[in-house]
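In: give me a model of this one.
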Amino acid sequence: MISKRQVGHTFSIHNTMEPKLFSALVSYFKNENYKLGLGIPDPQIEAICKILLYGEEDLSSVFQSWQVGEQTILDEYHKEELGIVDYLHLISNELRKQLGQFATPADIVKYIFKSVGYASSKDILSKKLVDPACGSGAFLVEAVRIYLNALKNAKTPIYRWYPMVTTAICGIDVDTTACLFARLNLSMLLAPAVLEFVARNDVATLKPLPVFCADTLETVASERGISELFYDRRVSSLKKRFDFVVGNPPYFKMKDLSDELKTAFGESIYGHPNAYGVFMHAGIEMLKDGGRLGFIVPRSMLSGLYFKNLRAFIEKNTSLREIVYVADRKNVFENVLHGTMILSLERNAEAGESIDISVVQSSREFKNALKSITVSRDQVIRRLNGTTVWFVADSRKVYDTIDRIVKKHPLLSGEKVNCRVRTGQIVWNRVKPLLVEKEGHDTLPLVWATDVSKFGFSFSRQGATRPCYLKVASKTENLVIKGKSILLQRVTADEQPSRLVACIPEEFCRKAAAGYFVENHLNIIQPETGTPSVDLYFILGVLNSEVVEFFFRAMNGNTQVSATELNLLPIPIGKYEREIADFSAKIQKTTDMKKKSGFIAELNMLVGKAYGLSTEESGFIRDVLADRRKNGN
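Out: Residues are numbered from 1 along each chain as shown. Prediction:
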């Protein structure tokens, strides 16, 4: 799951573990040989295990010094139901995050196979499956379990199982340690089939397990084949070779891509590519026509700017079949705060009229049948201002309400509204020497995200812990903001009561007539040119309303409230603008919380009317938001 290209080196296990793992595997095979009564000689079993564990590679030169709990690993083989022996506990959480390596819960693995239609029937016996970033083999082991059941159901003799598995299932990973553990896990699962096969054939004819230590992205990009992939030298490429591509690709930002990778995956890349997006592109390239892909990926690709080309690539080359949105951000992967979802798609199929959508609160729900809805493709994939955004919600009524919100209303960044959003440009640690606590002749105020609340502003809230003045210098003079603006927090989480938190610091802007700075955890909204087409207080009221909160939560998949997404918000101009602006200004000036709550309730009703929503629809939005706050997401 890691890339030599990205980190410059590989990692492996303690040099004393290699013989211990080999010894454990030999002991297991000898025990299975005894139980089966096959009588295969011990030297032959040792030769078998060497081929299975190491393939055709010499790993001895890459084993480095790590401390591990050997007994913990070896004890796994004494369990009745063999699980996955992972190696991620061998490395620190910090390194795992850097390399994008996270173990996939078994229930999610099983669901992905169900989602792509990989089931224990004779239909899969002639199909080929790959995990392009296989790690310790969680997906490979489950694929083999399913495949073995299909062989049982087809009454295929057990001595034929091993060669059939090696031509049907393939794992690829650039990390040598990952490949070793994947082979170890598969060897334990396949022990009876391997021994039955060897009992009828010479060990010299035993092919290694189909787990290859290679760089999937470079292989796809260069059209180079893996040595004897599927033991068929006619296979010269990974492209269009598989009926199923499944897995949990690595998550990390990729820097300094080679020209070869930029050329190969350029159609789906925009800005800073993330590894999982490039793996998704590669996975689609690896599918045969009609093949199915199932990945678990971050939710950020639903609307993020950096994934707009990836979404377009998926829409062009596949038919999206299913999205499972996992609302729980914190407990799917240990120590990871990525929101996640499962994507299931089909290569080069005609775009279906509908997509299956499920929203689950946690990974535990995968143990049972998920409650899904079937939604029109056009309600999920919406084109806004030349780009598409994918909306995921848990009821058809939510989608119907989104239809009403989007209908006939211009976007915030459009000519009719004329208020384009941009992000504050002050990154504090880049200008640290210019930060000061007190105002001076060569300073201007610096607004931090903590100064901004919903309809509220408090300059220098953090006091001395965050210097609130910044010197005007050659490095900062072009970053000065002048005039009245809406300031909106750029980083909020699903668990917060509001994802959109905005205010107009009018008195502050008036006093800071010479200008002010805004740090990069805030978005800035000002008229594009000259006199605004609409009152900024009207925009503020709309942004802070329940309707837009509801809409934004359906379109946003991460903790970033990006300028790109805000620019795509539909704004209901033409009616109630004056009333909404007046209420918005009144709310911001009111300190009595009881009165403020009443004004906010009236504002929400007015905004609902401006969007053309009925009282019942506005009430539905309120109930949905209340339910999400109750559930913490």
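
In: output the below-cut-off pLDDT ranges for the chain.
Out: Applying pLDDT under 70 to the chain flags the ranges 1-17, 56-103, 224-236, 329-338, 461-464, 530-532, 630-633.

In: how's it carved up into domains?
Out: 4-318+325-330+337-348, 421-631 (automatic domain parsing).

In: TSV for the ones you listed, including mean neighbour count and distance to Leu370?
Out: All C-beta spots, glycine's among them, are computed from the backbone N, C-alpha and C. Putting the domains of the chain into TSV (neighbours: other CB atoms under 10 Å; distance: least, CB to CB, whole Å) gives the following:
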stretch	mean neighbour count	distance to Leu370
domain 4-318+325-330+337-348	19	8
domain 421-631	18	17
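
In: and these: which comes nearest Asn368?
Out: domain 4-318+325-330+337-348 (9.6 Å; CB to CB).

In: in a markdown table: the domains of the chain, plus distance to Arg382.
Out: Below are the domains of the chain laid out as a markdown table (distance: least, CB to CB, whole Å):
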| stretch | distance to Arg382 |
| --- | --- |
| domain 4-318+325-330+337-348 | 10 |
| domain 421-631 | 8 |
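
In: of all those, which one is nearest Leu412?
Out: Taking the domains of the chain one by one with CB to CB, domain 421-631 is closest: 4.8 Å.

In: start to end distance for stretch 379-394?
Out: 13 Å (CA to CA, to the nearest Å).

In: tell me which residues in that stretch are buried?
Out: Gln379, Val380, Ile381, Arg382, Leu384, Thr387, Val389, Trp390, Phe391, Val392, Ala393, Asp394 (16 or more other CB atoms under 10 Å).

In: and the contacts of it?
Out: By CB atoms under 8 Å, 6 or more residues apart in numbering, the residues outside stretch 379-394 that reach it are 299, 301-303, 308, 311-312, 315, 320, 323, 325, 341, 355, 357-359, 373, 399, 402-403, 406, 411, 413-414, 554-555, 557, 565, 567-568.

In: three-state assignment of Val375?
Out: strand (DSSP: H, G, I helix; E, B strand; the rest coil).

In: which residues does it contact?
Out: Val375 touches Ser354, Ile355, Asp356, Ile357, Arg396, Tyr399, counting by CB under 8 Å, 6+ apart.

In: now swap in Val547 and tell me
Out: Ile405, Asn604, Val607, Gly608, Tyr611, Leu613, Ser618, Ile621.

In: next: Pro298.
Out: Applying CB under 8 Å, 6+ apart to Pro298 gives the contacts Tyr251, Asn274, Tyr276, His338, Gly339, Thr340, Met341, Gly557, Asn558.

In: so what does Lys454 look like in phi/psi?
Out: Dihedral angles of Lys454 (phi, psi; degrees, to the nearest 10) stand at phi -70, psi 110.

In: quick check: it touching Asn544?
Out: Yes. Counting by CB atoms under 8 Å, Asn544 is a contact partner of Lys454 at 5.7 Å.

In: any residues in contact with both of those two?
Out: In contact with both Lys454 and Asn544: Ser498, Val501, Ala502, using CB under 8 Å, 6+ apart.

In: of those residues, closest to Val203?
Out: Using CB to CB, those come closest to Val203 at Ser498, 66.0 Å.

In: for the protein, what's the longest strand?
Out: Taking DSSP state E as the criterion, the chain has its longest strand at strand 287-298.

In: tell me the gap between that one and the middle of its chain.
Out: 15 Å (CA atoms, centre = their mean, to the nearest Å).

In: compute the inter-axis angle for the following helix or strand past it and strand 287-298.
Out: Once strand 287-298 ends, the next helix or strand along the chain (criterion: DSSP states H and E) is helix 308-317. Angle, helix 308-317 to strand 287-298, by axes from the mean of the first three to the mean of the last three CA atoms, to 10 degrees: 150 degrees.

In: packing partners of helix 308-317?
Out: The elements that helix 308-317 packs onto, with contact taken as 3 or more CB pairs under 8 Å, 6 or more residues apart in numbering; DSSP states H and E, are helix 275-286, strand 387-390.

In: any idea which of these gets closest to Thr156?
Out: Nearest to Thr156, of the helices and strands packed on helix 308-317 and by CB to CB, is helix 275-286 at 26.6 Å.

In: with only the CA atoms kept, save the closest one in CSV.
Out: C-alpha atoms of helix 275-286 as CSV (Å, rounded to 0.1, in the frame of the first residue of the first chain):
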residue,chain,number,x,y,z
ALA,A,275,-3.1,8.6,-4.1
TYR,A,276,-6.6,7.1,-3.8
GLY,A,277,-7.9,9.2,-6.8
VAL,A,278,-5.0,8.0,-9.0
PHE,A,279,-5.6,4.4,-7.9
MET,A,280,-9.2,4.8,-8.8
HIS,A,281,-8.3,5.9,-12.3
ALA,A,282,-5.8,3.0,-12.6
GLY,A,283,-8.5,0.6,-11.3
ILE,A,284,-10.9,1.7,-14.0
GLU,A,285,-8.2,1.3,-16.6
MET,A,286,-7.6,-2.3,-15.3
